[in-house]
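> show me the folded form of this:
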Amino acid sequence: MGHYSFYQIFTMLKLGSPRSVEAARSQYWKIENCGWQKQTNRLSYPQASLIRWEFPARGEMPPVSLHWYDGGLRPPLLTELEADGEGMPEEGLLLVGDGGKILGGFFGEEPAGASFDKAYPFAETILLGTIALRVNKKLRWDAAKIEFINSAEANQLRFRKNREGWEV
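Numbering: from 1, shown residues only. Below is the predicted model:
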């Protein structure tokens, strides 16, 4: 999902690699041995997540934070929507800047601009978010070295060997 959402943001804000990524995810608990036990899901993406990336300044453009909400989680209701008696839409893009806010949907008539050749810069960002969902701390990213500078655990998740029989 992020590839389609991030294309416009990366293009407009001239974003490159983030300098850090931090995530929170939904958790699943069940009763085992007469007590609540937190379950770990290493198989699939969580049911809901929040991810925040921090990007450095780009030329004369200041640093920027990018926030992702999914699985039914949403940012707080905009005062402008509340004043109009409206709620947040089920999905969309919300851009918040010093001069105002833009709230838009995902659907349009033109083909998506997020083709594979254009997707690499923000695909890296999205994938860093998936690693942050699995490591419970703020991660610092060194784009030149393609590694986290503060987590060996996160670095182990950057690459995965193919399962036996799935080699290329």
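> how far does the least confident helix or strand in the chain by mean pLDDT sit from its chain's centre?
Least confident helix or strand of the chain, by mean pLDDT, DSSP states H and E, is helix 2-13 with a mean of 81. Relative to the centre of its chain, helix 2-13 is centred 12 Å away, using C-alpha atoms, centre = their mean, to the nearest Å.
> ok, then the element right after that helix?
Remark: after helix 2-13, the chain's next helix or strand is strand 20-25, criterion DSSP states H and E.
> all strands of this structure, in order?
Taking DSSP state E as the criterion, the chain carries its strands at 20-25, 28-32, 35-39, 49-55, 64-70, 93-97, 100-104, 139-142, 147-148.
> direction included, what does the second one pair against?
Here the strand partners of strand 28-32, with direction, are listed using DSSP bridges: strand 35-39 (antiparallel).
> and for the fifth one?
Here the strand partners of strand 64-70, with direction, are listed using DSSP bridges: strand 49-55 (antiparallel).
> what's around residue 134, how many residues?
If you count neighbours by other C-beta atoms under 10 Å, residue 134 ends up with 15. Heads up, the C-betas are built off the backbone N, CA and C, glycines and all.
> that one against residue 156, yeah?
No. Here residue 134 lies out of contact with residue 156, judged by C-beta atoms under 8 Å, at a distance of 10.1 Å.
> for the chain, what's the longest helix?
Across the chain, the longest stretch assigned as helix under DSSP state H is helix 116-134.
> give the contact list for residue 66.
6, 9, 15, 18, 52-55, 125 (C-beta atoms under 8 Å, 6 or more residues apart in numbering).
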